[in-house]
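>>> quick one, fold the following:
(one chain, ligands or ions: 2)
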Amino acid sequence: MMTASTDVLAARAAELDAADPLRSYRDLFIGADDRSVPAYLDGNSLGRPTKASAERITAFVTQSWGGRLIRGWDEEWYELPITIGDTLARVSLGAAAGQTTIGDSTTVLLYKLARGGLALRPGRTEIVVDRDNFPTDRYVLESIAGELGLTLRWIESDTRGGVTVDDLRSVVSEHTALVVLSHVAYRSGYLVDAAGAARVVHEAGALLLLDLCHSVGSVPLDLDAWGVDLAVGCTYKYLNGGPGSPAFAYVRADHQQDFVQPIWGWMGRENPFTMAQGYEPAPGIRRVISGTPSVLGMIALQDTLALLGEVGMGAVRAKSIALTEYALDLVREVLIPLGVEIGSPENSAERGGHVIIDHPRFEVVVQRLWTKGVIPDFRAPQGLRLGLSPLSTSFGEVCAGILAIRDELAD
Ligand SMILES: Cc1ncc(COP(=O)(O)O)c(C=O)c1O
Ligand SMILES: Nc1c(O)cccc1C(=O)C[C@H](N)C(=O)O
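Numbering: from 1, shown residues only. Ligands and ions are numbered 1, 2, ... in the order given. The predicted structure is shown next:
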């Protein structure tokens, strides 16, 4: 079959952009019109900054920090992890207020929530996790298993897929205390059936902790309705919080009273400024906090939350599916003939906001693309990942990126 010319493919992408109801949102991001970066396809590692965040951060430094000084804590900052957490919960997590807080890294929150969750299931001896989960999830659980003398029961998922409810059913038992899954798999983009997973985990009497790093801000979430017990996620991908912006934690209201995490710091204590002897966890979700939260780090993500609230997660997901479908169609048309294979689910109901394609030359190809401002990422052993941020990625960018990959492979 003859493939269409570059001009024809670019014209098709331009038509899709013209018909995109969210197209105007791209202009709200810094760098979207930067010609030295024709295709930014890594918003699932680091989202672009919004123009509003540039203003917000400047105003924070000059007025809030510079003007209010230490008074800022009493006036606003002390409550910020909870108030931003509540906004995130409403806009994007499908969670009622009082269950979400911002702070630490995903890694640290995984540790705190996994330990706190395990303490709610005393006497049980196993933690379930999949072999292809993100490294930090595996390492944190390996460390906890060693620390507490528990067994890690691995789900041997294959890198092309993800964990299915049937996989889970075959490993959970009366010994399982905790199951940790990534809602969207970092490599394949496989989207777990979270409600089905929660049902199976609960039938076994265990708790479900979801890592939402690759779904929050891209895939609609309904944590309360799904029955998820605990969740963590990062804010620097689809929430555009900036490099190293703090993560978030969700602890279901039903568990909070008995939930105790292991890093007892003064900021998570009841009445921290009494500086009292002994640790008494603060009431509610505040008990997840340990030390002073990064206020400067958490302010930018509010601008993306405002956009997500305005657009609605349904429209965000519709654009996300349109982008990944388009990317896969173009991959089939121009890259499969060059020996590329698709490593993501081809059914959009089983896929999050990114796709991965495989070829033995991709490690070198990605290095060369970066020098040209075409920016996907490489994931070993031979995956090139296209992360498509619904609010800031255009169809034209996807087209430019895939044609640049074609040109590199044809070289
Ligand atoms: C699934 C998943 N979990 C955790 C992390 C990272 O955690 P941290 O922000 O602590 O580096 C990432 C990405 O870096 C991820 O993709
Ligand atoms: N967090 C990252 C970082 O500090 C440097 C480079 C990449 C990242 C990422 O977010 C990687 C990403 N979570 C992944 O899925 O591979």
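>>> what lies in contact with stretch 32-48?
With Cβ atoms under 8 Å, 6 or more residues apart in numbering as the contact definition, stretch 32-48 has outside contacts at 26-27, 29-31, 214, 217-218, 236-241, 243, 304, 353-354, 372-377, 385-389, 392-393, 397-398, 400-401, 404. All C-beta spots, glycine's among them, are computed from the backbone N, C-alpha and C.
>>> mark which of those are part of strands, please.
For the contacts of stretch 32-48, the ones inside strands are 354, 374-375, 377, 385-387, with DSSP state E as the criterion.
>>> farthest pair in the residues you listed?
354 and 374 (15.7 Å; Cβ to Cβ).
>>> domain map for this protein?
Per automatic domain parsing, the structural domains of the chain span 6-50+312-410, 54-299.
>>> run a quick neighbour tally on the closest residue to residue 258 other than its chain neighbours.
Leaving aside its sequence neighbours, residue 258 sits nearest to residue 120 (Cβ to Cβ, 6 or more residues apart in numbering; 6.1 Å). Applying other Cβ atoms under 10 Å, we find 17 residues neighbouring residue 120.
>>> ok, whatever helix or strand residue 177 lives in near ligand 1 or not?
Taking DSSP states H and E as the definition, one finds residue 177 inside strand 176-182. Yes. Using Cβ under 6 Å from any ligand atom, strand 176-182 reaches ligand 1 at residue 182.
>>> now that strand, how far from the centre of its chain.
Averaging C-alpha positions (Cα atoms, centre = their mean, to the nearest Å) puts strand 176-182 17 Å from its chain's average.
>>> contacts for it, please.
110, 114, 117-118, 121, 124-130, 133-134, 137, 141, 150, 153, 162-163, 168, 172, 192, 194, 197, 201, 204-211, 213-214.
>>> neighbouring strands for that strand, and are they parallel or not?
If you go by DSSP bridges, strand 176-182 pairs up with strand 126-130 (parallel), strand 207-211 (parallel).
>>> pLDDT on that strand, on average?
Mean pLDDT, strand 176-182: 98.
>>> elements contacting the helix or strand that comes right after that strand?
The first helix or strand that comes after strand 176-182 along the chain, using DSSP H and E, is helix 194-203. Packing partners of helix 194-203 (3 or more Cβ pairs under 8 Å, 6 or more residues apart in numbering; DSSP states H and E): helix 165-171, strand 176-182, strand 207-211, helix 223-226.
>>> mind listing residues that contact the first one?
Residues external to helix 165-171 that are found in contact with it (Cβ under 8 Å, 6+ apart): 128, 130, 153, 155, 157, 179, 193, 196-197, 199-201.
>>> cutoff 7 Å now
For helix 165-171, the surrounding residues in contact (Cβ atoms under 7 Å, 6 or more residues apart in numbering) are 128, 153, 155, 157, 179, 193, 196-197, 200-201.
>>> ok, the shortest one next?
Judged by Cβ under 7 Å, 6+ apart, the contacts made with helix 223-226 from elsewhere in the structure are 93-96, 194-195, 198, 231, 250.
>>> swap the cut-off to 10 Å and go again
Contacts with helix 223-226, where a contact means Cβ atoms under 10 Å, 6 or more residues apart in numbering, come from 89, 92-96, 99-100, 183, 193-199, 208, 210, 212, 229-231, 250, 252-253.
>>> got the contact list for the residue in the stretch 201-350 of the chain that ligand 1 sits nearest to?
Closest residue of the stretch 201-350 of the chain to ligand 1, Cβ to the nearest ligand atom: residue 213 (3.7 Å). Residue 213 makes contact with 44, 106, 134, 136-137, 182-184, 186, 232-238, 247, according to Cβ under 10 Å, 6+ apart.
>>> repeat that for 6 Å
Neighbour list for residue 213: 106, 233-234 [criterion: Cβ atoms under 6 Å, 6 or more residues apart in numbering].
>>> between residue 354 and residue 374, which is the more surrounded one?
Ranked by neighbour count (other Cβ under 10 Å), residue 354 and residue 374 place residue 354 first, with 32 against 24.
>>> and the residue nearest to the more buried one when sequence neighbours are not counted, bridged to which residues?
In space, and not counting its chain neighbours, residue 354 is closest to residue 387: 4.4 Å by Cβ to Cβ, 6+ apart. Applying DSSP bridges to residue 387 gives these bridge partners: residue 42, residue 354.
>>> establish whether stretch 136-145 and ligand 1 are in contact.
Yes. Stretch 136-145 reaches ligand 1 (Cβ under 6 Å from any ligand atom) through 136-137.
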